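> could you look at this predicted model? Sequence included:
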Amino acid sequence: MTKVMVVDDDPDFVEIVSIILRKEGYEIDSAADGDAALTKMRASPPDIALLDVMMSTVLDGVNVSFAMSEDPQLKSVPIVMISSIPDSPNADQFPTDEYVPIAAWITKPAQPDHLLKTVKRLVS
């Protein structure tokens, strides 16, 4: 079973994404911030990670993506950044002038079909 780590501080978003993915046979683990996510992923690496950008800090998800890319256990885990940051007052803080180690970007609200296609493509 493919394991998906959903990292977001919005419990409603985590629940909705979890329902969508479980219905398609994915195993779900979740965390509400970057530190908790890294701890869980280092203990049991997922097959893919879905990261929100803004959690405990404005760029918490971005920081997690960099930490994952530098961790031998996690650097091969595909990352999908899922965020509403383009529509937020903090959009100017997203690092557009540097490489962010992600495989895909989805803007919230995530459309179920697009989410499923993206996850399937990255874990196949």
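It's in. Residues are numbered from 1 along each chain as shown.

> is Leu122 located within a helix, as I assumed?
Yes - remark: Leu122 belongs to a helix, assigned using DSSP: H, G, I helix; E, B strand; the rest coil.

> tell me the buried residues in the helix or strand bottoming out on mean pLDDT in the chain?
None of the helices or strands of the chain scores lower by mean pLDDT, DSSP states H and E than strand 104-107, at a mean of 88. Within strand 104-107, the residues that count as buried by 16 or more other Cβ atoms under 10 Å are Ala104, Ile106. For every residue, glycine as well, the C-beta is placed using N, CA and C.

> helix or strand for Phe13, which one?
helix 11-23 (DSSP states H and E).

> which elements pack onto that helix?
Packed against helix 11-23, as judged by 3 or more Cβ pairs under 8 Å, 6 or more residues apart in numbering; DSSP states H and E, are the following elements: strand 3-7, strand 27-31, helix 112-123.

> what stretches of the chain score poorly on pLDDT?
58, 85-98 (pLDDT under 70).

> follow-up on the earlier one: now the helices and strands packed on helix 11-23 in JSON lines, with distance to Glu15 and mean neighbour count?
Shown next, in JSON lines, are the helices and strands packed on helix 11-23 (distance: least, Cβ to Cβ, whole Å; neighbours: other Cβ atoms under 10 Å):
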{"stretch": "strand 3-7", "distance to Glu15": "9", "mean neighbour count": "24"}
{"stretch": "strand 27-31", "distance to Glu15": "9", "mean neighbour count": "18"}
{"stretch": "helix 112-123", "distance to Glu15": "13", "mean neighbour count": "15"}
